[in-house]
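A.B. asks: prediction below, plus the sequence it came from.
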Amino acid sequence: MDLLQMEGDWLFSLSSFLGGGALGGLVSAVINRKENRRIKRSEAAQHEASALREDASAAGEMMGLLERTVAHMERMNDYNKTNAEGLLLMVRERDELNDRLKKDLKLLQLQRTEDHRRITGLEKTVERELKWRRDGDMHYCAVEECERRVPPMGAFKR
């Protein structure tokens, strides 16, 4: 029984402690309500400040990303500009070369036409000379003082 008595005391002590704690909690809540509100406001402000810091950090990261993107775009623009200038220069050089080649081609075609005209003239001259020689061979007499000479001396014309 002693044990039950001891357990009863223990239960009474425990229930008194719990009841007193609940009453103490109620009294503490009434007394400290302003302080609790101030703590809640402070926590809310801290959460808001933390959220703002996170937003500022995210904005800073975005600005860093934007700056890197702008720098990359500037590098790419410079690269493209340099390449475009190089390509434009190369195209101009090719155009100049093409113009020179066109002029050379026209000159060569003119020379070809002129050479063809000369060759045609020379061919006609050679044909005429050969015809004259054939005609001359037919009318050639080996005896110089011949009365029947055809054509008479000095009469054959080429």
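C.D. replies: In hand now; what should we look at?
A.B. asks: let me know the secondary structure of residue 147.
C.D. replies: Three-state assignment for residue 147 (DSSP: H, G, I helix; E, B strand; the rest coil): coil.
A.B. asks: please report how far residue 57 lies from residue 42.
C.D. replies: 22 Å (C-beta to C-beta, to the nearest Å). Using the backbone N, CA and C atoms, a C-beta is placed for each residue, glycine as well.
A.B. asks: check residue 48 too.
C.D. replies: Here the criterion is C-beta to C-beta. By it, residue 48 lies 11 Å from residue 42.
A.B. asks: could you do residue 33 as well?
C.D. replies: Where residue 42 is concerned, residue 33 sits at a distance of 15 Å (C-beta to C-beta).
A.B. asks: could you check how far residue 90 is from residue 83?
C.D. replies: From residue 90 to residue 83 the distance is 10 Å (C-beta to C-beta).
A.B. asks: just residue 35 next, same as before
C.D. replies: Taking C-beta to C-beta, one finds residue 35 at 71 Å from residue 83.
A.B. asks: can you check residue 133 too?
C.D. replies: Using C-beta to C-beta, residue 133 is found at 72 Å from residue 83.
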